[in-house]
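A.B. asks: got a predicted model here, sequence first, then my questions.
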Amino acid sequence: MLRSRGSDDPVSYGTEPAHASLFQPSRRHAASVEARKTPHYVLYSPPRAGLVRVARIERFGGPAGFGPIHGAEVSNAMAEFIGTPDAKTSLEYEAKADAKTEARARRVLNEVRVEQKNGYLRLAGPDHTRGRRCLTEFAIYCPSERAVTVRGYYAAIRIADMNGGVDVETTHARITLLNISGSVHASVQKGILDYSGHQGIVRLFAGWELNLNFPYPEFTGEMHATARGAVRVLLPPGFTAPLEASVATDADFVCRADIVDRIVRRHRDGRTILSFGEAPPVIRLESLEGPIVIDNSDSPPKPAAA
């Protein structure tokens, strides 16, 4: 294990590894008809005392599909885009509203919006205000070869099995990208970004933390991934892709993966640079203020020693 840090104490968020569960497919992601017939959505916890819950499920598309989309805007909701071999696009959502009365909860549900115009979707859940609460989750099934652009506002975005190119940004919450190829640009201003993949021209930025999983020993393409806070990485055994990590001189770098004995440390422009591989790096990792932590994905990490 390699641990590098300055003279100051470690930052509060620590150097624990990324958890493998972050990169697991959702239940809707399962590519079976039966999985889609039994959606599992939001608000598992019971309503708060004094509130009544009302739920609504709607599906759009039918045999002819919902119509092709090339972009979407999502606000006050969660949305998952799932690539499929089908040529059509379909959409479904579930919303659950808690309010002081059933009538008021139904009025809240009426604020859910699904609009489509010229291949652009606008998906919105109700705002949260005092005395009411509504969580809305959209699932969009679309052709995997189609490029998609998504803009989120207080929205969590999840995209899986797309290879036509992805451009996704959100202001708050979380972005999760699984098995995405082609050109990938993803940015969350105040939140966390999770990525699992093995190819593409990838640019990632997270205002809080970044979790990366590389399922195969090689990475085809190039990646530049930056977070303001922690960058946590899982590598498979025998990983070979050249990699470079950049941290502040007073921040932690911890490697418990099997590449640890082949990491070279140097300083550049007031930062600590740690490199793996003799060729120019195809993966560049940067934490502006926090640690970078690298572990293998096949076994529990060993305790870090100072």
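C.D. replies: Nice, I can see it.

A.B. asks: residues of the longest helix anywhere in the chain that come out buried?
C.D. replies: Using DSSP state H to define each element, the chain has its longest helix at helix 102-109. Within helix 102-109, the residues that qualify as buried are Arg104, Ala105, Val108, Leu109, counting by 16 or more other CB atoms under 10 Å. C-beta coordinates here come from the backbone N, C-alpha and C atoms, glycine included.

A.B. asks: now stretch 77-93 - C-alpha only, CSV.
C.D. replies: Listed in CSV are the C-alpha atoms of stretch 77-93, where the atom choice follows Å, rounded to 0.1, in the frame of the first residue of the first chain:
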residue,chain,number,x,y,z
ALA,A,77,-36.9,14.8,-10.0
MET,A,78,-34.9,11.7,-10.6
ALA,A,79,-34.5,10.4,-14.2
GLU,A,80,-32.9,7.3,-15.6
PHE,A,81,-32.1,6.9,-19.3
ILE,A,82,-31.6,3.3,-20.4
GLY,A,83,-30.3,2.3,-23.8
THR,A,84,-32.1,-0.6,-25.5
PRO,A,85,-31.8,-2.4,-28.9
ASP,A,86,-35.4,-1.2,-29.7
ALA,A,87,-35.9,1.5,-32.3
LYS,A,88,-38.6,3.2,-30.3
THR,A,89,-38.5,5.4,-27.2
SER,A,90,-40.8,4.9,-24.2
LEU,A,91,-41.2,6.7,-20.9
GLU,A,92,-42.8,5.9,-17.5
TYR,A,93,-42.8,7.6,-14.2
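
A.B. asks: next one: that stretch to chain centre, how far?
C.D. replies: Centroid separation between stretch 77-93 and its chain, computed with CA atoms, centre = their mean, to the nearest Å, is 16 Å.

A.B. asks: over to stretch 225-244?
C.D. replies: 15 Å.

A.B. asks: average pLDDT for that stretch?
C.D. replies: When pLDDT is averaged along stretch 225-244, the result is 97.

A.B. asks: repeat for stretch 176-190
C.D. replies: 95.

A.B. asks: next: stretch 113-127.
C.D. replies: 92.

A.B. asks: so what strands line up beside the host helix or strand of Leu177?
C.D. replies: Element membership for Leu177 (DSSP states H and E) is strand 166-178. Strand 166-178 has the following sheet partners, assigned by DSSP bridges: strand 148-153 (parallel), strand 156-160 (parallel), strand 183-196 (parallel).

A.B. asks: so which of the buried residues of helix 102-109 is the closest to Asp161?
C.D. replies: Closest approach to Asp161 among those (CB to CB): Leu109, at 29.9 Å.

A.B. asks: circling back: can you tell me what sits against the longest helix of the chain?
C.D. replies: For helix 102-109, the surrounding residues in contact (CB atoms under 8 Å, 6 or more residues apart in numbering) are Val52, Arg53, Val54, Arg56, Ala95, Ala97, Asp98, Ala99, Pro126, Gly131, Arg132, Cys134.

A.B. asks: any regions of the protein where pLDDT drops low?
C.D. replies: Along the chain, the model assigns pLDDT under 70 to residues 1-13, 30-44, 62-65, 129-131, 299-306.

A.B. asks: which residue ranges make up each domain of it?
C.D. replies: Taking automatic domain parsing as the reference, the chain has its domains at 1-29+161-306, 33-75+87-140.

A.B. asks: centroid-nearest residue for the chain?
C.D. replies: Thr176 (1.6 Å; CA atoms, centre = their mean).

A.B. asks: give the contact list for that residue.
C.D. replies: Counting by CB under 8 Å, 6+ apart, Thr176 has contacts Leu22, Ala156, Ile157, Arg158, Ile159, Ala160, Leu193, Asp194, Tyr195.

A.B. asks: just to revisit the earlier point, may I see the buried residues of the strand holding Leu177?
C.D. replies: So, applying 16+ other CB under 10 Å, buried residues of strand 166-178: Val166, Asp167, Val168, Glu169, Thr170, Thr171, Ala173, Arg174, Ile175, Thr176, Leu177, Leu178.

A.B. asks: now swap in stretch 277-295 and tell me
C.D. replies: Buried residues in stretch 277-295, counted by 16+ other CB under 10 Å: 277, 281-288, 290-295.

A.B. asks: just checking, which of these belong to strands?
C.D. replies: Within those, residues falling in strands by DSSP state E are Ile283, Arg284, Leu285, Glu286, Ser287, Ile292, Val293, Ile294, Asp295.

A.B. asks: and the next helix or strand past the longest helix of the chain?
C.D. replies: Heading C-terminal from helix 102-109 (DSSP H and E), you reach strand 113-117.

A.B. asks: ok, residues contacting the very next helix or strand once past that following strand?
C.D. replies: Next helix or strand after strand 113-117 toward the C-terminus (DSSP H and E): strand 120-124. With contacts defined as CB under 8 Å, 6+ apart, strand 120-124 is touched by 69-77, 79, 91, 93, 111-116, 138, 140.
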